[in-house]
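[1] got a sequence here, can you build the structure:
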Amino acid sequence: MNHEPIVEAKDLVKDYPKKEGFLIERRVGWNRVVDGVSFTLLPGETLSLVGESGCGKTVVARMVMTLVKPTAGTILFRGDDVFRCSPQTLREYRRTVHLVYQNPLLSLNPRRTVGESIALPIRNFGLYNTAKERAMRVAEVLETVGLNGMYANRYPHEFSGGQIQRVGIARGLASGAQVFVLDEPVSALDVSIQAQILNLLRDLKESLGLTMLFIGNNLNVIQHVADRIVVLCHGRMIEVGPTSSVFAHPLHPHTRRLLDAILSVDRAHRASTGPVARGGEVAMGREPAIGCSYAEDCPQACGECRSAVPQLRTIEAEHSVACHQIEPLTHSTKECADE
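    Presented below is the predicted three-dimensional model:
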């Protein structure tokens with residue numbers, strides 16, 4: 001694998017104004033939704049951002065797509081800052097990086113056939129000269145994602161959920177995208193259809209060498225698609241590592257809680273004992289925490305956890321955690337009394 005990153009996120013921060021008032025709003029502070037997130041996307045790998053709803057995953061994805069400008073930090077594309085680069089570099093970046101929505105139907109014009117929607121980026125980027133060449137390319141990418149090329153003449157409402165997700169993937173393939181940002185792409189699909197889309201993504205990754213940033217909170221899905229995982233809590237990175245290592249040896253208490261939740265649901269499903277109680281979702285945005293972002297919910301939190309922000313530390317090969325109570329190289333939890 002080439003170890004030169006295609007896309008690199010460096011110290012991303014995003015603040016939104018907190019306002020009060022009914023008729024006349026006034027800013028009374030800031031909500032920090034993303035706080036110091038950094039990662040690299042290497043050619044041919046799948047990196048997953050994991051966390052509960054409201055932890056900042058989608059905001060990070062929107063910053064990667066340049067749909068949202070970070071308050072601090074930046075996105076590098078082969079070493080160039082995409083928020084300060086030339087128009088030519090930004091154009092190439094937007095051709096290379098493609099966003100697949102959770103519901104692609106909302107991103108398609110209902111008055112256009114899917115063939116016209118797929119051909120639009122091809123024409124905008126000037127990749128093919130004639131309408132015939134563009135039509136051939138549209139049919140080709142539809143076949144690649146498992147749809148009949150003749151479906152190009154259909155309208156979005158004529159497709160099922162799984163089919164329209166394939167159309168969203170085909171749009172990126174048509175313009176030659178190398179990086180796919182997938183924002184919970186299978187969460188709205190039936191389980192059987194989820195498996196088909198995930199298998200398609202795996203096949204495309206292997207055959208075309210695609211790089212993927214997979215956003216999700218279903219760890220059962222993440223386990224089967226991701227090479228590396230970044231776990232977020234209140235917008236901060238709390239654990240980073242290879243998927244196999246994170247699942248086999250979760251280090252952070254929040255990561256363990258996320259894994260315990262899916263294990264509980266699986267056990268409940270097998271035993272048919274009814275619904276299982278789950279932890280509450282993390283609120284979207286808050287003022288920057290003084291200490292650990294998980295301290296308010298962590299049963300092991302101590303005085304140091306509430307007063308000092310933990311930094312990511314490497315515990316084993318490529319596996320890092322931001323927790324005051326994890327000792328490096330031992331996986332042990334130190335005793336920490338409240339102050």
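[2] which residue is nearest the middle of this structure?
    Nearest residue to the geometric centre of the chain (Cα atoms, centre = their mean): Ile215, 2.3 Å.
[3] tell me the mean pLDDT over the helix or strand harbouring that residue?
    Taking DSSP states H and E as the criterion, Ile215 maps to strand 211-216. Averaging pLDDT along strand 211-216 gives 95.
[4] off-centre distance for it?
    Relative to its parent chain, strand 211-216 has a centroid offset of 5 Å by Cα atoms, centre = their mean, to the nearest Å.
[5] what do you get for stretch 195-209?
    17 Å.
[6] of all the residues in that stretch, which ones are buried?
    196-198, 200-201, 204-205 (16 or more other Cβ atoms under 10 Å). C-betas here are computed from N, CA, C, even on glycine.
[7] related to what we said a few turns ago, thought the residue nearest to the centre of the chain was touching Val181?
    Yes - applying Cβ atoms under 8 Å, one finds Ile215 in contact with Val181, separated by 7.4 Å.
[8] what is in contact with the two at once?
    Ala61 (Cβ atoms under 8 Å, 6 or more residues apart in numbering).
[9] in its sheet, what does the strand holding Ile215 sit against?
    strand 46-50 (parallel), strand 179-183 (parallel) (DSSP bridges).
[10] and the strands in the chain?
    7-20, 26-41, 46-50, 72-77, 80-81, 97-100, 179-183, 211-216, 228-233, 236-242, 313-316, 319-321 (DSSP state E).
[11] against which helices or strands is the last one packed?
    The criterion is 3 or more Cβ pairs under 8 Å, 6 or more residues apart in numbering; DSSP states H and E, and the helices and strands that strand 319-321 contacts are strand 236-242, strand 313-316.
[12] return the set of residues that bridge with Asp181.
    Careful, residue 181 is Val; it's not Asp. Leu99, Leu213.
[13] ok now do it, which residues does it touch?
    61, 64-65, 97-100, 212-213, 215 are the contacts of Val181 under Cβ under 8 Å, 6+ apart.
[14] touching, Phe83 and Lys69? I think so.
    Yes - contact between Phe83 and Lys69 holds when scored by Cβ under 8 Å: they sit 6.3 Å apart.
[15] for Asn31, see how far away the closest residue to Ser187 other than its chain neighbours is.
    The spatially closest residue to Ser187, leaving aside those adjacent along the chain, is Gln102, at 6.0 Å (Cβ to Cβ, 6 or more residues apart in numbering). Plainly put, Gln102 is 23 Å away from Asn31 if you go by Cβ to Cβ, to the nearest Å.
[16] then Asn199?
    Distance from Asn199 to Asn31, by Cβ to Cβ: 39 Å.
[17] kindly report the same for Ile75.
    In this view, Ile75 and Asn31 are 21 Å apart by Cβ to Cβ.
[18] returning to what we had before: which pLDDT value goes with the residue nearest to Ser187?
    Gln102 is given a pLDDT of 85.
[19] cool, and Asp11?
    95.
[20] looking at Phe83 and Lys69, which is more packed in?
    Phe83 (14 against 11; other Cβ atoms under 10 Å).
[21] residues in contact with that one?
    With Cβ under 8 Å, 6+ apart, Phe83 has these contacts: 66, 69-70, 74-75.
[22] much appreciated, bye for now.
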